[in-house]
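Novice: After the sequence you'll find the predicted model.
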Protein chains: 2
Amino acid sequence: MKALRFEKGKLRLDRKVPAPRVPGEALVRVKKAGICNTDLEIVRGYAAFSGVLGHEFVGVVEESPDPTLTGCRVVGEINAGCGSCGLCRAGDPRHCPSRTVLGIVGRDGAFAEYLTLPTRNLLSVPDSVEDRAAVFTEPLAAACSILEQLQPAPGGCVVVVGDGKLGQLIARVLAAGGCDLTLAGKHESKLRLARAAGIRSLPADEIAGDFARSCDVVVEASGSPAGLSFALGLVRPRGTLVLKSTFHGAVEVDTSRIVVDEIRIAGSRCGRFAPALRLLEERRIDVEPLITAELPLDEGVSAMELAAAPGTMKVLLSPPVS
Amino acid sequence: MKALRFEKGKLRLDRKVPAPRVPGEALVRVKKAGICNTDLEIVRGYAAFSGVLGHEFVGVVEESPDPTLTGCRVVGEINAGCGSCGLCRAGDPRHCPSRTVLGIVGRDGAFAEYLTLPTRNLLSVPDSVEDRAAVFTEPLAAACSILEQLQPAPGGCVVVVGDGKLGQLIARVLAAGGCDLTLAGKHESKLRLARAAGIRSLPADEIAGDFARSCDVVVEASGSPAGLSFALGLVRPRGTLVLKSTFHGAVEVDTSRIVVDEIRIAGSRCGRFAPALRLLEERRIDVEPLITAELPLDEGVSAMELAAAPGTMKVLLSPPVS
């Protein structure tokens, strides 16, 4: 099969990869996959990953130890736990110490014609959710995890920093969750996109003064060290900063600000898929305007370049229909 | 009066400072004051403070708008709020946006013969608590604030990083609060001091491997960027890192670790004095072994140098007895 691999510092389309076979896991034919900033960061050295990239997908189960899944259209939680540690037994493999993570840690990913995952990771996609929406389940779930962590839902002044893919999804999820929020970004076209979804969206430099040290919850989703510093500057004393972006390398942080103002910081990564699928099924979130382009897997290398270009939102990859 | 001032980048003993007079505030004659790492950091540029240093003290009220206080031996909470904002009205001026802070922000401090504070900041010291113990009330309260923030008391694996003054006090307070904890440090003599107080204390390099990514709560009290990085490395996924040290300048932090392992960080500064005074009154904490030296205020500049020297624990200053 074809697969987009990152190996020895090089990204290339490999046309002769054997289709994966993992005993006990389901074989999924990928219908669509989405390029995430994490994929771009991996190519910059993040996570020291080597293999097939990609962790956002929708596909069809071709073979499965659980025959009721065969033929189902599915999305898949990306953390595959050991199945036997305390965390896994409690049903949450997201922090299993020996987990693999689809296209990120020790497991080939979704930028390929086929992937495998444990059957317990797979969720059937309701018929009413189209492929172009279902492929957003993973990043939407990551956005939902903020509400999971900050229970009850954050009240007061909430700001999402970053008008890119992740910030846009987080803003939509928090708004759907009842938050009164403001999206802060640097790109007028992206801010317009958020406004079209009913989200109050302002240029970062406009809110810097008015919102300084006054926000109850600030979500950092810009993916840049400057965005993190900006976000920290908005948090009120005893407020909360949620960190969502992962990027390669260390960041300079004014830790005295955190101590003196007793700020709480919450790292936030993967969420559960069920709430995200529900948001899509109930059409409470429209992801279609966030898709910049859909390209065949054959053009995967160019698709990654496009995804990294300024102004691009989500780029989807479609493996060839077999 | 005499006072140890930091001004225009210079620390010096000023022998002719007018005694402070602030209408509506109590005048306190300082009996003893303690040198804190924050004082040393201010001399390195932290907080851009200019004036009389010092925020740890015990003294006697000489004049007061509330005559019942006159003649009382007191300690004083260091944040002086506006008295009228929501936070101050709720009885907690620690984050009042227009607060002054004794010897740190906009208010002359305790390394002097006299200081002033609002009467609501002052607490009477029980007769059984000697001056050399009472002067520790402020840093002990700062240690107590960790228990206030992490209610209920942290269970599981707790590590305090830093065997200096602050780490020693935090370890004693958490142990008195029922925590099963380990103190990690780099100085055998300081680790011995903690062991003598019944605290399990180990060299940092010995615990690095065994405790890596496994601790529920890690308290960073080393006052160094390397200590912060070390502390972060000990926190388990979804664990909590408490930041206590303030220091001048930004610190490089691996924020991806925070995101991927969904670590919580809690900045922690000043605590309430009442629980700290109770610990001293009930003799649950013995601070006497933590005193390296007591010097007259006249020798304040040398005292600051001694406080900054390796191996030194608490240095006390005594203004002349009038």
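Specialist: That came in fine, so what should we check first? Numbers count the residues shown, from 1 in each chain, chains lettered A, B, ... in the order given.
Novice: The stretch 151-300 of chain A against chain B: which residues are in contact?
Specialist: Counting by C-beta under 8 Å from any C-beta of the partner chain, the stretch 151-300 of chain A comes close to chain B at A:213, A:228, A:237-238, A:243-248, A:250-269. C-beta here means a position set from N, CA and C on the backbone, and glycine is covered the same way.
Novice: Of those residues, grab the buried ones for ChimeraX.
Specialist: Here is the ChimeraX command that selects the buried residues among these (16 or more other C-beta atoms under 10 Å in any protein chain shown):
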select /A:228,237,238,243,244,245,246,247,251,253,255,256,257,258,259,260,261,262,263,264,265,266,267,268,269
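Novice: got the residue ranges for the helices in the stretch 151-300 of chain A?
Specialist: A:165-176, A:188-196, A:204-210, A:225-234, A:255-260, A:273-281, A:300-308 (DSSP state H, counting those that start in this stretch).
Novice: Among those, which comes closest to residue A:108?
Specialist: Nearest to residue A:108, of all the helices of the stretch 151-300 of chain A, is helix A:300-308, at 13.9 Å by C-beta to C-beta.
Novice: got the CA coordinates for that closest one in CSV?
Specialist: Taking C-alpha atoms only, helix A:300-308 is exported to CSV below (Å, rounded to 0.1, in the frame of the first residue of the first chain):
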residue,chain,number,x,y,z
GLY,A,300,0.9,13.8,0.7
VAL,A,301,4.2,15.6,0.7
SER,A,302,2.7,18.7,-1.0
ALA,A,303,-0.3,18.4,1.3
MET,A,304,2.0,18.7,4.3
GLU,A,305,3.6,21.8,2.8
LEU,A,306,0.2,23.3,2.2
ALA,A,307,-0.8,22.5,5.7
ALA,A,308,2.3,24.4,7.0
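Novice: Now do it: distance to the chain's middle.
Specialist: 17 Å (C-alpha atoms, centre = their mean, to the nearest Å).
Novice: List the contacts of the very next helix or strand once past that helix.
Specialist: Using DSSP states H and E, the helix or strand that follows helix A:300-308 towards the C-terminus is strand A:314-318. For strand A:314-318, contacts defined as C-beta atoms under 8 Å, 6 or more residues apart in numbering or on different chains pick out A:4, A:31-35, A:54, A:111, A:132, A:135-136, A:165, A:287, A:290-297, A:300, A:303-304, A:306-307.
Novice: Make a ChimeraX selection of the buried ones in the residues you listed.
Specialist: The following ChimeraX line selects those of these that are buried, judged by 16+ other C-beta under 10 Å:
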select /A:4,31,32,33,34,35,54,111,132,135,136,165,287,290,291,292,293,294,295,297,300,303,304,306,307
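Novice: picking up where we left off before, could you identify which of the helices of the stretch 151-300 of chain A is most buried?
Specialist: helix A:165-176 (a mean of 26; mean count of other C-beta atoms under 10 Å in any protein chain shown).
Novice: Now do it against helix A:273-281, angle only.
Specialist: Using axes from the mean of the first three to the mean of the last three C-alpha atoms, to 10 degrees, the inter-axis angle of helix A:165-176 relative to helix A:273-281 is 80 degrees.
Novice: Quick check: closest non-adjacent residue to the residue of chain A positioned farthest from its centre.
Specialist: Seen from the C-alpha centroid of chain A, the residue lying at the greatest distance (C-alpha atoms, centre = their mean) is residue A:260, 32.3 Å away. Distances taken as C-beta to C-beta, 6 or more residues apart in numbering or on different chains place residue B:269 nearest to residue A:260, at 5.7 Å, with adjacent residues excluded.
Novice: is it true that that neighbour touches residue B:145?
Specialist: Yes. With contacts counted by C-beta atoms under 8 Å, residue B:269 reaches residue B:145, the gap being 7.0 Å.
Novice: For the stretch 1-150 of chain A, which residues are neighbours of chain B?
Specialist: Selection of the stretch 1-150 of chain A residues close to chain B by C-beta under 8 Å from any C-beta yields A:46, A:95, A:97, A:149.
Novice: which one of these is nearest residue A:10?
Specialist: Using C-beta to C-beta, the residues of the stretch 1-150 of chain A next to chain B come closest to residue A:10 at residue A:46, 15.6 Å.
Novice: Tell me the predicted confidence for that closest one.
Specialist: The model reports residue A:46 with a pLDDT of 84.
Novice: Please name the nearest non-neighbouring residue to it.
Specialist: residue A:248 is the one closest to residue A:46 (C-beta to C-beta, 6+ apart), at 4.0 Å.
Novice: Spit out the contact partners of the one you found.
Specialist: Applying C-beta under 8 Å, 6+ apart to residue A:248 gives the contacts A:41, A:44-46, B:256.
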